[in-house]
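Asks: What shape does this take:
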Amino acid sequence: MRVRIPAVATALLIAVLAGCAGPGDGSRKHAADPKGSADAKGTAGRSGAAGAPTGIQSPAGRPAPAERAGDLPGLGPRTRAEVPRDAEQVVVVTGNGRNATRSSVVLYERSAAEGTTGDREGDADGGPTWRAGPSWKAHNAARGWTDHHRQGDLRSPIGVFPLTDAGGKLPDPGTRLTYDHAVQGFTITGTGAEGEPLAGAFDYVVAINYNRKAGTSPRDWTRPLGEDRGGGIWFHVDHDGPTQGCVSLSKAHMRKLLRTLDPARHPVVVMGDAGSLAR
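Replies: Model (predicted):
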């Protein structure tokens, strides 16, 4: 099923305004599930502000209690508690440092049925087994990471966020996510922070549900937490330089990510510098 989105005169820049995203023309496959819509108190997301009072809901849904220390490597108890119980796909983005622009990305998948193997990720008590995919090189924002993302701060938000919607200038490569194909809407020109061309950066994108409404195009401009908290945070194609706030991967790895993510498995991203994720 494809739903038309009204055209706009220009699809640009986007990246200058907030994160990496903006409105435009296009078409979408799959009808959005109204139950998937986010609001500012739930799945709209927060960026893991330090000292948050207990009882605040995870941006990805209901928090899960901490499990075995090694079940998702590199995640401390506070971060692990943000990962929902029903998440069977977790993309972990680990920044090289608080102010660094480079990261590594690993997709973990789990199956409770495989949790009796006794290995370091699953054991005989029937807990989940997490299987790691390959580690991919990535860029994050030009100034690193932040617990409290603001529009234009050139830092990527730290936290746990659902992955529900995708799109791109190029046709759907075979994803199960809702996909917004919009040639004009995902066209970008100009240069990045290091003078590198941005053309092709939005050939494929996956929206990261920080301060956005789930179940809409990545280009939807709804900001439940307010415009000042930024938005338009995506996975997108790497342009050989740091981003405005997004996480960028090679085109081949973006295709692989799109083809692997399955909404039935409730995928989320856990993202931040290594020290913050270890909390």
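
Asks: all strands for the stretch 101-250 of the chain, in order.
Replies: Ranges of strands in the stretch 101-250 of the chain, per DSSP state E, counting those that start in this stretch, are 102-111, 129-139, 145-146, 156-157, 159-162, 165-168, 178-181, 205-207, 234-237, 247-249.

Asks: Determine which stretch of the ones you listed is the most buried.
Replies: Mean neighbour count (mean count of other Cβ atoms under 10 Å) peaks for strand 156-157 among those, with a mean of 32. Heads up, the C-betas are built off the backbone N, CA and C, glycines and all.

Asks: can you list the residues that contact that one?
Replies: 45, 47-48, 95, 140-141, 144-146, 149, 210, 230, 233, 243, 245-247, 271-272 (Cβ atoms under 8 Å, 6 or more residues apart in numbering).

Asks: Buried among those residues? Need that as a selection in ChimeraX.
Replies: Here is the ChimeraX command that selects only those of these that count as buried (16 or more other Cβ atoms under 10 Å):
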select :45,47,48,95,140,141,144,145,146,149,210,230,233,243,245,246,247,271,272
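
Asks: Which pLDDT does the model give the residue nearest to P173 when sequence neighbours are not counted?
Replies: Counting by Cβ to Cβ, 6 or more residues apart in numbering, R255 is the residue found nearest to P173 once chain neighbours are left out, at 4.8 Å. Reading off the confidence values, R255 has pLDDT 98.

Asks: Would you list the phi and psi of R255?
Replies: phi -60, psi -40 (degrees, to the nearest 10).

Asks: How about the one 5 residues further on?
Replies: Backbone dihedrals for T260, given as degrees, to the nearest 10, come out at phi -90, psi -40.

Asks: Now do the helices in the chain.
Replies: Along the chain, the stretches classed as helices by DSSP state H are 14-17, 77-80, 251-260, 274-277.

Asks: Ok, which of these comes nearest V105?
Replies: helix 251-260 (7.6 Å; Cβ to Cβ).

Asks: Buried residues, the closest one. List them.
Replies: For helix 251-260, by 16+ other Cβ under 10 Å, it's K251, H253, M254, R255, K256, L257, L258, T260.

Asks: could you check the distance from V270 over to I208?
Replies: 11 Å (Cβ to Cβ, to the nearest Å).

Asks: More neighbours: those two, which one.
Replies: Neighbours were counted for V270 and for I208 using other Cβ atoms under 10 Å; I208 has more, 33 against 26.

Asks: Surely that one and W234 touch.
Replies: Yes - contact criterion Cβ atoms under 8 Å: I208 and W234 qualify, at 6.1 Å.

Asks: Which neighbours do those two have in common?
Replies: C246, V247.

Asks: Skipping its backbone neighbours, what lies nearest G231 in space?
Replies: Distances taken as Cβ to Cβ, 6+ apart place N211 nearest to G231, at 4.3 Å, with adjacent residues excluded.

Asks: Pull the contacting residues for that neighbour.
Replies: A44, G45, H149, R223, P224, L225, G226, R229, G230, G231, I233.

Asks: wouldn't the last one be in contact with P218 here?
Replies: No - under the criterion of Cβ under 8 Å, I233 lies out of contact with P218, with a separation of 9.6 Å.

Asks: how deep is G97 tucked in, by neighbour count?
Replies: With other Cβ under 10 Å as criterion, G97 counts 13.

Asks: do D262 as well
Replies: D262, neighbours per other Cβ under 10 Å, totals 14.

Asks: If you drop the residues flanking it in sequence, what lies closest to it?
Replies: For D262, ignoring the flanking residues on the chain, the nearest one in space by Cβ to Cβ, 6+ apart is R176 at 5.0 Å.

Asks: measure that neighbour to Y210 for me?
Replies: Between R176 and Y210 the distance is 21 Å, computed by Cβ to Cβ.

Asks: What of S276?
Replies: S276 sits at a distance of 15 Å from Y210 (criterion: Cβ to Cβ).
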